[in-house]
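Enquirer: 3D, please:
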Amino acid sequence: MRITSLETIVVAIPFSHGGPPTGFGGQQWTHLNFLLVRIDTDQGITGWGEAFGYNTIPATRAVLERQIAPLVIGRDARDIRGLNADLQKTMHLFGRGGPATFAISGVDIALWDLAGKAAGLPLCQLLGGSPALALPPAYASFMRYTDPGHVARACERALACGYAGFKLHEITEPAVAAARSAIGDRALMVDVNCEWNAADAERMARAFAPHGLAWLEEPVWPPEDIDALRLLRERTGVALAAGENAPNGWGLRQLGGVVDFLQPSVTKLGGVTEFAALAQAAELSGRQLAPHSPYFGPGLLATLHLAAAFRSVTWIERLFVDFDMPLYPGLASVDAQSRLMLPSGPGLGADPDPQAIARWRIG
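Expert: So this is what the prediction gives:
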């Protein structure tokens, strides 16, 4: 089964999140942008992947079209691990993380989708799991609201929708207190996106302590300051989560002995292949994974299938926003057990809605 073409598709879908305008990386977001990777084969089978993402899409797309596509067209789509290894080695000169690895991730996800479709099996079964395996609960991951009143109202909406956990991106104690008051004794996480130096992180961890966090995520800058993370955990006892900004699987493994929850991102660190290797190692060592998955395309489906294959995955992140027309309408809500639906078709289980692509495609 030979790869005949690689196409990149950018969709920009308007969203609402129940708060004031927000964004990240120096931009205000009115839409959420997604970079889809479509791979076609000489057997007429199409695979879909997703490459991270958001503000860096133009760079990742350029890598896919100008560097990756010439390397994969004509290759055997069944040689997923071999292709992944070749791409990582060939591309290492251009960075062991960032757009180069994001691009490889999108290709890898699409190849696993192809493999499942060719075998007539869902991805989780190819990885040794089962569609019947109960997925871990999902938590609502909020945009940053800043105002405690907005935080409380967002938590109340997510609570009514049935989520089991709630993750803030706030950096003040009053906002965290508002969330705790709104959700009672349910799981509360706080991601501060590497906001503080080591001293400020310790001070704020102590300020947040009365609110009983399930974890404090990426509390220090830079995120790879392992010594600062280790010292923070020793001095405060707070559970830590990190890993979404690790450049690749090797980089993420360095955090294994320091944080309580490793956070691989399937669209960032090398795709299903790298994530699966990490998840298997986590199972053997008894470590917990709480994947980074604030996306709504093939990357989210891949994360769900990986969760159905590896019991080391203990939480699923779902960005708490509403779309006019989602890429996968069936993933819009959680069930009575706070779980997202796992599509049971072959490969990733479903293809992106062509009507949503047609309506929101910008390139």
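
Enquirer: my guess is Ala198 contacts Ala228, does it?
Expert: Yes: counting by CB atoms under 8 Å, Ala198 does reach Ala228; the two are 4.1 Å apart. C-beta here means a position set from N, CA and C on the backbone, and glycine is covered the same way.

Enquirer: where do the contact lists of these two overlap?
Expert: Any residue near both Ala198 and Ala228 by CB atoms under 8 Å, 6 or more residues apart in numbering counts here, and that gives Val220.

Enquirer: out of those two, which sits in the busier spot?
Expert: Neighbour totals were compared for Ala198 and Ala228, and Ala228 leads with 21 against 17 (other CB atoms under 10 Å).

Enquirer: the helix or strand hosting the more buried one packs against which elements?
Expert: Ala228 is located in helix 226-236, with elements delineated by DSSP states H and E. For helix 226-236, the helices and strands in contact under the criterion 3 or more CB pairs under 8 Å, 6 or more residues apart in numbering; DSSP states H and E are helix 198-208, strand 240-242.

Enquirer: the longest one to helix 226-236, inter-axis angle?
Expert: With axes from the mean of the first three to the mean of the last three CA atoms, to 10 degrees defining the directions, helix 198-208 sits at 30 degrees from helix 226-236.

Enquirer: and helix 198-208, how far out from the chain middle?
Expert: The chain centroid and the centroid of helix 198-208 are separated by 26 Å, computed with CA atoms, centre = their mean, to the nearest Å.

Enquirer: what residues sit buried inside the helix holding Ala228?
Expert: Of the residues in helix 226-236, those scored as buried under the neighbour-count criterion (16 or more other CB atoms under 10 Å) are Ala228, Leu229, Leu231, Leu232, Arg233, Thr236.

Enquirer: quick check: of those, which lies closest to Leu36?
Expert: Distances from the buried residues of helix 226-236 to Leu36 were compared by CB to CB; the smallest belongs to Leu229, at 34.1 Å.

Enquirer: wait, the closest one sits on Trp221?
Expert: No: applying CB under 8 Å as the test, Leu229 and Trp221 come out as separate, 11.2 Å apart.

Enquirer: re the thing from before, pLDDT on the helix holding Ala228, on average?
Expert: For helix 226-236, the mean pLDDT works out to 97.

Enquirer: run through who's touching that helix.
Expert: Applying CB under 8 Å, 6+ apart, the external contacts of helix 226-236 come out as 198, 201-202, 205-206, 209, 219-220, 238-240, 242, 254-255, 258-260.

Enquirer: quick one: that helix to chain centroid distance?
Expert: Its chain's C-alpha centre lies 25 Å from the corresponding centre of helix 226-236 when counted by CA atoms, centre = their mean.

Enquirer: before we move on, the earlier item: among the contacts of helix 226-236, name the buried ones.
Expert: In terms of neighbour count (16+ other CB under 10 Å), the buried residues within those are 198, 201-202, 205, 219-220, 238-240, 242, 255, 258-260.

Enquirer: pLDDT weak spots in the chain?
Expert: Under the criterion pLDDT under 70, the flagged ranges of the chain are 23.

Enquirer: state which helix of it is the longest.
Expert: When secondary structure is assigned using DSSP state H, the longest helix within the chain turns out to be helix 99-119.

Enquirer: that one packs against which elements?
Expert: Other helices and strands packing on helix 99-119, by 3+ CB pairs under 8 Å, 6+ apart, are strand 31-41, strand 46-51, helix 57-63, helix 80-91, helix 123-126, helix 271-285, helix 298-309.
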